[in-house]
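Enquirer: the sequence isn't on hand, but the structure is:
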């Protein structure tokens, strides 16, 4: 019970910190507490291997306007030719490499903070075994990466990856991001049109859902 109460207390404190900091926490390095520490640890690895990367997942959803989104993990997109070296360095720099079934993407555990880090490798195919995406993971440079320091994934690329994942939770994130960024809808749609027609169909459906929610 004490561990459960401690975990709940930490979550409530994090919510308060994020609400207070949403107007100035513009970079991953600005995240509070143990999340900021794991970001700095990842930056250290990126500098050693000379790689760029972007932060996606729930933290990117939060950064791009869905402030009710909370997550326990960190998702980063790495270039295909940097993944193996990144994992080798991580194993000697405060991270455990978590065992994964064959074919699954790598996962790390930051030992100091107990935060899991999901690696999304360039060139891999998102989605599920029964519903794979029609496209593969882009290079981080195409999603907002710059230099050997974590950057948030761009809004356009984040929505692309959410649609590629194709899960109900990801659809919900897209609808909330549309509601939070109404002035970006046409630009996002133009980006998706350059990627795959399937994403346009899904995006239009979710844009309609977002519009209906606004009218309720």
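Expert: That came through, no problem. Keep in mind that what you see is a predicted model, and the values were worked out from it rather than measured.

Enquirer: poorly predicted segments of this structure, please.
Expert: Where the chain drops to pLDDT under 70, the residues are 1-12, 14-22, 215-216.

Enquirer: now do the strands in it.
Expert: With strands called from DSSP state E, the chain shows them at 54-55, 74-78, 95-98, 107-110, 115-121, 151-152.

Enquirer: direction included, what does the longest one pair up with?
Expert: So that's strand 115-121. When pairing is defined by DSSP bridges, strand 115-121 lines up against strand 74-78 (parallel), strand 107-110 (antiparallel).

Enquirer: for the last one, same thing?
Expert: The partner list of strand 151-152 in its sheet, established with DSSP bridges, is strand 54-55 (parallel).

Enquirer: still on that earlier bit, most tightly surrounded among the strands of the chain?
Expert: Comparing the strands of the chain by mean neighbour count (mean count of other Cβ atoms under 10 Å), strand 54-55 comes out on top with a mean of 27. C-beta here means a position set from N, CA and C on the backbone, and glycine is covered the same way.

Enquirer: outside of it itself, list whatever touches it.
Expert: With contact meaning Cβ atoms under 8 Å, 6 or more residues apart in numbering, strand 54-55 is reached by 28, 39, 60, 74-77, 140, 143-145, 150-154, 157.

Enquirer: picking up where we left off before, now the strands paired with strand 115-121 as TSV including distance to residue 46?
Expert: Listed next are those as TSV, based on distance: least, Cβ to Cβ, whole Å:
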stretch	distance to residue 46
strand 74-78	9
strand 107-110	13
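
Enquirer: any idea which of these gets closest to residue 185?
Expert: Shortest distance between residue 185 and the strands paired with strand 115-121, using Cβ to Cβ, is found for strand 74-78: 23.7 Å.

Enquirer: outside of the closest one, which residues touch it?
Expert: So strand 74-78 is contacted by 35, 38-39, 42, 51, 53-60, 86, 115-122, 137-138, 140, 143, 145, 150, 153 (Cβ under 8 Å, 6+ apart).

Enquirer: and with 6 Å instead?
Expert: 38, 53-57, 86, 117-121, 140 (Cβ atoms under 6 Å, 6 or more residues apart in numbering).

Enquirer: so what's residue 79 closest to, chain neighbours aside?
Expert: Take residue 79 and drop its neighbours on the chain: the residue closest to it by Cβ to Cβ, 6 or more residues apart in numbering is residue 122, 5.1 Å away.

Enquirer: same thing with residue 116?
Expert: Nearest one to residue 116, counting by Cβ to Cβ, 6+ apart, is residue 73 at 4.6 Å.

Enquirer: shouldn't that neighbour be in contact with residue 114?
Expert: No. Using Cβ atoms under 6 Å, residue 73 is not in contact with residue 114; the gap is 10.9 Å.

Enquirer: overlap in contacts, those two.
Expert: Common contact partners of residue 73 and residue 114 (Cβ under 6 Å, 6+ apart): none.

Enquirer: hmm, back to that, between the strands paired with strand 115-121, which gets nearest to residue 162?
Expert: strand 74-78 (11.3 Å).

Enquirer: mind checking how far the closest one is from the chain centre?
Expert: Counting by Cα atoms, centre = their mean, to the nearest Å, strand 74-78 is centred 6 Å from the centre of its parent chain.
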